[in-house]
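Novice: The following block contains a protein sequence and its predicted model.
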Amino acid sequence: MAAYRLPYQDELGFTNILLTALGGDGANMAAKLLFKIAVEALDLDGGYDAKYGSEKTGTPTDVSIRLCPYGIPVRESGPTRRPHMLSVFREKLIRSQNLVAGLQPEATVMANTTKAPAEIRGLLRLPSGKILTLDATRIALETKSRLNMPMLAVLTDQLVFPTDIVKYAIAKQWPKAKESNVDAFAAALGSVRSERFEPSAEYPLVDPARASSPIGYTNMLNGGAINALTNISVPEPGAEPLGRVPVFAAELCSHCGLCLVPCPDPGAIIWKDRKMLGINPAYCKGCMQCVEICPTTKHGKALKEPELVFA
């Protein structure tokens, strides 16, 4: 195999990659596998940094990867402020996380969305570069994979990682989900839309965002506790659903409470006076774990997966 060459290099010789997602989307696992492939299979070096957020809905989590040819000194750690490549797992994060801040000229952006690349450019205000869009949520549901798999497929493709090496690593990492993951990989590459944009005065470069926490050593609560309510965004009433919401049939529900056990998102299941009342779409990520655990009675299941609607 010919020596691999990175598609970008900054003044220090690095390609800077940022994955931004919500807790539980699998961005961290995807980034770890990508970094492992780069180091073990492609003889690259670099740095890895994950901002671990809560697994609860509404908590953003970022993963930064720096890749460089082997032999370049790696002297910096921590998150990248100047990404060449940006992978957006949730369209809603574009504005709330100010993702345009720090993007390099001619950046490559990959977004999970049903919108066209030109629409995402307007939403992101990308100064210049390439935008790729795909409905990764639909792909994950159709292939019974996870959101991180179609997003990883597009990212490794844009990095020009050899496809056979990537698929081998995926199969080795998740052998029981091999078929679903390979299907998601192929579906992502077959449905992605891409468009390149020239520099525009309408969208100037934006300086990197300065990371700061609302809670620090000067205003920490007594006992060193952190008030999570200041760091976790709470969906507003009527907020756009984060995923496909299970269908609930109240007349079939025995109110056994089993659905509460695997649910990762407090607030997703509406429970009052020892009764299940429904699903709150502003909190539900659509993992369908409640559907799996919901018992089948002689009348049927109270929770079911919604049917896919094809445009």
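Specialist: That came through fine.
Novice: ok, which stretches of this structure are strands?
Specialist: With strands called from DSSP state E, the chain shows them at 15-22, 44-50, 60-69, 85-88, 107-112, 129-134, 193-197, 247-248, 269-272, 275-279, 303-304.
Novice: Distance from stretch 285-293 to the middle of the chain?
Specialist: Taking CA atoms, centre = their mean, to the nearest Å, one finds the center of stretch 285-293 at 18 Å from the center of the full chain.
Novice: All further residue positions should be reported with the first residue as 14.
Specialist: Yes, from this point I'll number from 14; that puts the last item at stretch 298-306.
Novice: Quick one, which of the strands of the chain gets closest to A200.
Specialist: strand 142-147 (8.8 Å; CB to CB). Where C-beta positions appear, they are placed from N, C-alpha and C, glycine not excepted.
Novice: Let me see the residues that make contact with that closest one.
Specialist: With contact meaning CB atoms under 8 Å, 6 or more residues apart in numbering, strand 142-147 is reached by 116, 118-131, 133-134, 137, 163, 167, 171, 201, 204-210.
Novice: how far off strand 120-125 does that strand point, in degrees?
Specialist: Counting by axes from the mean of the first three to the mean of the last three CA atoms, to 10 degrees, strand 142-147 lies at 10 degrees to strand 120-125.
Novice: Got a ChimeraX select line for the buried ones in the contacts of strand 142-147?
Specialist: Remark: buried members of the contacts of strand 142-147, expressed as a ChimeraX selection using 16 or more other CB atoms under 10 Å:
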select :116,119,120,121,122,123,124,125,126,128,130,133,134,137,163,167,171,201,205,210
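Novice: hang on, I50 packs against T169?
Specialist: Yes: here I50 lies in contact with T169, judged by CB atoms under 8 Å, at a distance of 7.5 Å.
Novice: Flag every buried residue along the helix or strand of the chain with the lowest mean pLDDT.
Specialist: Lowest mean confidence among the helices and strands of the chain (mean pLDDT, DSSP states H and E): helix 106-109, at a mean of 83. Of all the residues in helix 106-109, those buried under the rule 16+ other CB under 10 Å are L106, I107.
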